[in-house]
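Engineer: got a predicted model here, sequence first, then my questions.
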Amino acid sequence: MARFIKIASYNLRGLCQGKQQLLELCNSHDIIAIQEHWLSECDMDKLHDLHDEFSVIARSAMSDKSIRHGRFFTWKTIWWPGTAD
């Protein structure tokens, strides 16, 4: 029997604003691509710690060393079930 992979793409518009919907997507999808988490490199652990059953690859457009002003171009993150081992 065939099994379909459910993939979602979601614009968080900031982790605080989109966190609840992201957790709901984790319960219904296999792979989740998120944009605009608005986290700097030093805060990326917030994405990794959000759901125990998903592995995360995340990047930030914001450097911890730079002065922040204006909008940044990209924040891409991919989530999938299991571990990245």
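Structural biologist: Received it, and whenever you're ready, just let me know what you need. Numbering: from 1, shown residues only.
Engineer: the residue nearest to the spatial centre of the chain: what's it in contact with?
Structural biologist: With distances taken as C-alpha atoms, centre = their mean, Thr77 lies nearest the centre of the chain, 4.2 Å away. Each residue near Thr77 by C-beta atoms under 8 Å, 6 or more residues apart in numbering is listed here: 33-35, 37, 47, 56-59. C-beta here means a position set from N, CA and C on the backbone, and glycine is covered the same way.
Engineer: pick the one among the residues you listed closest to Glu24.
Structural biologist: The nearest member of these to Glu24, counting by C-beta to C-beta, is Ile34 at 12.8 Å.
Engineer: was I right to think the closest one contacts Arg13?
Structural biologist: No - counting by C-beta atoms under 8 Å, Ile34 sits too far from Arg13 to count as a contact (10.2 Å).
Engineer: who's more crowded, the two?
Structural biologist: Ile34 (22 against 12; other C-beta atoms under 10 Å).
Engineer: okay, and the beta partners of the more buried one?
Structural biologist: The partner list for Ile34 in beta bridges (DSSP bridges) reads Tyr10, Thr77.
Engineer: worst-scoring helix or strand of this protein, pLDDT-wise?
Structural biologist: strand 76-81 (a mean of 72; mean pLDDT, DSSP states H and E).
Engineer: low-confidence ranges in the chain?
Structural biologist: Along the chain, the parts satisfying pLDDT under 70 run over 62-76, 79, 83-85.
Engineer: 50 instead?
Structural biologist: Within the chain, the segments meeting pLDDT under 50 span 73, 84-85.
Engineer: on that earlier part again, mark which of the contacts of Thr77 are buried, thanks.
Structural biologist: Using 16 or more other C-beta atoms under 10 Å as the burial test, the contacts of Thr77 include 34, 37, 47, 56, 58 as buried.
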